[in-house]
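Q: I'd like to go over a predicted model; first the sequence, then the structure.
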Amino acid sequence: MNGINGIPLWAFLIIAAALFCIGLYGALARKNAVAVLMGVELMLNGVNLNLIAFWRFIAPDSSAGLVFAAFVFIVAAAEAAVGLALIISVYRNMNSVDPEKLDQMKL
Amino acid sequence: MTYSIAIFVALAIITIGAAIAVVTLRNVFHAALMLVVAFFGVAGFYVLLEAGFFAAAQVLVYIGAISVLLIFSVMLTRGVFMAQARNQQSGYAAVAAGVMFVLIAALVGPIAINWPGLRIGNFVLPPRVLGNPIEFAVPSPKAVQPDYLTRFGSNLIETYGVGFLLAGVLLLLAMVGAIWVARERKLMEIVLERREMAAEAKVESDADTAAGAEPATPPEPAAGAAH
């Protein structure tokens, strides 16, 4: 199967899917809120890899895929900053970063 | 050509291995370092995809800024290193991740495998689930033009200018918000904040007992409450 230098598209997509699913597991199954955010960052990287791979294979002369990926970069950085600030604030109030301890809004 | 395939396989092993280490390691600091390795791996994939600018941006933004921020946060929330790595829902999470991967692979499958009408009894899967002709992904893609970066830059500012400006505003808001939420509070400020939280909790628990419900549990954390 032809691809760029012999690497087909689906190889990149499977790697991106694996990154996304590993990040999903990390976001759901970790006891430390910072580790949950690390899982979210892995998911965003998987998405970006998907976008760039599709850009390269389908429409390398357009810029839409690249612009989309750039916006994902930006939003990921902003969300990481705000999320970590919240975690630090929670740690100062409750001296714990276990996301399961944050249940005051439960019914 | 085989060099690229070897590099791809090596990068894949490194990236996926580092990602698994991120979600498995008990020491959160080690997990953060493995996350840096995973980010480098993804940057390598961008180089393979001939998007060199994004490889550089990945290193600068993700490794240079976000990973540093994560390591800072790990340091600032110390004392929780030796807790367990997984919570109670880790089994369900693994199942969810596995099912998600199978679903995505089922979407990717028609691009990879060329089945001309798979037949299961009376049910025939169409030759191309996506309905596109064979040029979808199989042949070699077009070459990237040498000025793709220039056109990306001008498109970002001209065609997608509104989103670009909104992204700038978003970054500004995120920075200001993060600084405000995580600011160092003076002792008097903390005392007043706790007093306020206790007063709010007391008002709530009085209202709850008046309405006949159970008394409220510990005071709600006022993370980022405006003063």
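A: Yes, it's here. This one's a predicted model, so the numbers in the text were calculated from it and none came from an experiment.
Q: Output stretch B:62-82 as PDB, nothing but the C-alphas.
A: Output of stretch B:62-82 as PDB, limited to C-alpha atoms (Å, rounded to 0.1, in the frame of the first residue of the first chain):
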ATOM      1  CA  TYR B  62       3.600  20.900  24.700                       C
ATOM      2  CA  ILE B  63       7.000  20.000  26.000                       C
ATOM      3  CA  GLY B  64       8.300  23.500  26.700                       C
ATOM      4  CA  ALA B  65       5.200  24.900  28.300                       C
ATOM      5  CA  ILE B  66       2.500  22.400  29.200                       C
ATOM      6  CA  SER B  67       4.900  19.700  30.500                       C
ATOM      7  CA  VAL B  68       6.700  22.300  32.500                       C
ATOM      8  CA  LEU B  69       3.400  23.400  33.900                       C
ATOM      9  CA  LEU B  70       2.500  19.900  34.700                       C
ATOM     10  CA  ILE B  71       5.700  19.200  36.500                       C
ATOM     11  CA  PHE B  72       5.300  22.400  38.500                       C
ATOM     12  CA  SER B  73       1.800  21.300  39.500                       C
ATOM     13  CA  VAL B  74       3.200  17.900  40.500                       C
ATOM     14  CA  MET B  75       5.700  19.600  42.700                       C
ATOM     15  CA  LEU B  76       3.200  22.000  44.200                       C
ATOM     16  CA  THR B  77       0.800  19.200  45.100                       C
ATOM     17  CA  ARG B  78       3.300  17.100  46.900                       C
ATOM     18  CA  GLY B  79       2.700  14.500  49.500                       C
ATOM     19  CA  VAL B  80       0.400  12.600  47.300                       C
ATOM     20  CA  PHE B  81       3.100  10.700  45.400                       C
ATOM     21  CA  MET B  82       2.700   7.300  47.100                       C
END
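Q: Pull the residues that contact that stretch.
A: The contact list for stretch B:62-82 (C-beta atoms under 8 Å, 6 or more residues apart in numbering or on different chains) reads A:32-34, A:37-38, A:41, A:45, A:73, A:76-77, A:80-81, A:84, A:87-88, A:91, A:95-98, B:26-29, B:32-33, B:35-36, B:39-40, B:42-43. Using the backbone N, CA and C atoms, a C-beta is placed for each residue, glycine as well.
Q: are any of those residues buried, and which?
A: Among those, the ones that count as buried by 16 or more other C-beta atoms under 10 Å in any protein chain shown are A:32-34, A:37-38, A:41, A:45, A:73, A:76-77, A:80-81, A:84, A:87-88, A:91, A:96-98, B:28, B:32-33, B:35-36, B:39-40, B:42-43.
Q: Kindly state the pLDDT recorded for residue B:89?
A: As predicted, residue B:89 sits at a pLDDT of 83.
Q: I figured it hits residue A:31, correct?
A: No. At 10.3 Å, residue B:89 and residue A:31 do not qualify as touching, with contact defined as C-beta atoms under 8 Å.
Q: Show me which of these two is the more surrounded one.
A: residue A:31 (21 against 13; other C-beta atoms under 10 Å in any protein chain shown).
Q: from what I can see that one touches residue B:86, true?
A: Yes. Between residue A:31 and residue B:86 there is a contact at 6.7 Å, judged by C-beta under 8 Å.
Q: As a check, name the ranges of all helices in chain A.
A: A:9-29, A:33-58, A:64-94 (DSSP state H).
Q: In CSV, list those helices along with mean pLDDT.
A: Shown next, in CSV, are those (pLDDT from 0 to 100):
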stretch, mean pLDDT
helix A:9-29, 94
helix A:33-58, 94
helix A:64-94, 93
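Q: now the strands: where do they sit in chain B?
A: Remark: strands assigned in chain B by DSSP state E are B:119-120, B:123-124.
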